[in-house]
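[1] Here's a sequence, model it:
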Amino acid sequence: MELNRRRMLGTMAMAGSAMALPGWARGADLRAEAVRAGFDEVSGASIDLTVGRGPRMVQGRAGHAIAVNGSVPGPLVRLKEGTTAR
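    Below is the predicted model:
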């Protein structure tokens, strides 16, 4: 890859724009409640699932996770064949 003036100026402009982003555009607040590892088990005629965001540590690095009922992976849903859940 050849480095020329146009490419260097474009890269610098993108880096400067990324640094100017407000906090809400950079991701979730890492001070929020952490996402649990593992999963719960849900069953029955009525199942409530809540999807949310939160911080998660993976191999010592902080990251963002989409969690279902507060855990990653989401809960294990157990139903008998033919059962309709709401």
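[2] Is the most centrally placed residue in the chain within a helix or a strand, and which one?
    In the chain, the centroid-proximal residue (C-alpha atoms, centre = their mean) is Ala65; its distance is 2.4 Å. Secondary structure from DSSP states H and E places Ala65 in strand 61-68.
[3] helices or strands up against that strand?
    Judged by 3 or more C-beta pairs under 8 Å, 6 or more residues apart in numbering; DSSP states H and E, the packing partners of strand 61-68 are strand 51-58. (C-beta placed from N, C-alpha, C; glycine too.)
[4] Which strands border the strand it packs on, and is each parallel or antiparallel?
    Take DSSP bridges as the rule and strand 51-58 pairs in its sheet with strand 61-68 (antiparallel).
[5] Could you list which residues are in contact with the residue nearest to the centre of the chain?
    Each residue near Ala65 by C-beta atoms under 8 Å, 6 or more residues apart in numbering is listed here: Val35, Arg53, Gly54, Pro55, Arg56, Val72.
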